[in-house]
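Participant: Just a sequence and a predicted model for now, questions to come.
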Amino acid sequence: MKTRIKELRARYNLTQDDLARKIGVRRETILFIENGKYVPSLKLAHDIAKVLKTSMDELFIFEKE
Amino acid sequence: MDERTGLRAFVAVVVVALGAGVIFFFAPEAAGADNWATVMSAVILLTMALVAIVVARKGLKDLKSGFPMEDERSRAIKTRAGYLAFFVSLYLILGMSFVHAILEDNEISSLPTSEWLMVYVGIMGSIFLVLTSYLKRKGVSG
């Protein structure tokens, strides 16, 4: 799974710490999601998309394995 | 204490616990104590207290910085580590019980069952801690 979190964070000038605080998770969780090492729950994905003012479709890119 | 220092302390505690377990298991006479159950209980309690202190300090630091002590990823790690520790422990305890039975059958001096149980608990706890630490680094699927 790839994400556009890093790109959108940069657009809104948010650090991983800022994003983590806004959605109430630990910083490592954002780091692992960005690196595609953790697949977030639907709720967390929704919360991230909301903070980054985008849709989940735009945020997460799923690739066939 | 930063994350790296906390992790080092965590690993040191696990190593001490495992080392104490090994001494307890292989060389009871080396420590010169009569009641090894008491010694092992003290080691387990001390380990639990040290782990609790490290975890609490890190948690308080996170809370002060505005992060939660636990989120969905850390819960997923705990669940996965618990699941794996359970199955690894099952096979390990099965193997150790087999060794224990052979020792008893051959009338070779071995630990009493109550003390073996403490070793099992120590091993299960250590496996859980090591797996948790490993999964925190490696990552776990949601």
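Facilitator: Received the coordinates, thanks. Numbering: from 1, shown residues only, chains lettered A, B, ... in the order given.
Participant: all helices for the chain, in order.
Facilitator: Since no chain was named, I'll use chain A. Along chain A, the stretches classed as helices by DSSP state H are A:5-11, A:16-23, A:27-34, A:42-51, A:56-59.
Participant: Can you look at chain B instead?
Facilitator: Going by DSSP H, chain B shows helices at B:3-26, B:36-64, B:72-105, B:113-138.
Participant: Could you list the low-confidence segments of the chain?
Facilitator: Assuming you mean chain A. For chain A, applying pLDDT under 70 flags the ranges A:65.
Participant: looking at chain B here, not the other one
Facilitator: The low-confidence ranges in chain B, as defined by pLDDT under 70, are B:1-11, B:13-15, B:17-38, B:40-41, B:109-110, B:141-142.
Participant: For it, give the residue positioned nearest to chain A.
Facilitator: For chain B and chain A, the shortest gap (C-beta to the nearest C-beta) falls at residue B:139, measuring 3.5 Å. From N, CA and C alone the C-beta is placed, and that goes for glycine too.
Participant: Okay, that residue and residue A:52: tell me how far apart.
Facilitator: 22 Å (C-beta to C-beta, to the nearest Å).
Participant: Likewise for residue A:3?
Facilitator: Distance of residue A:3 to residue A:52, given as C-beta to C-beta: 10 Å.
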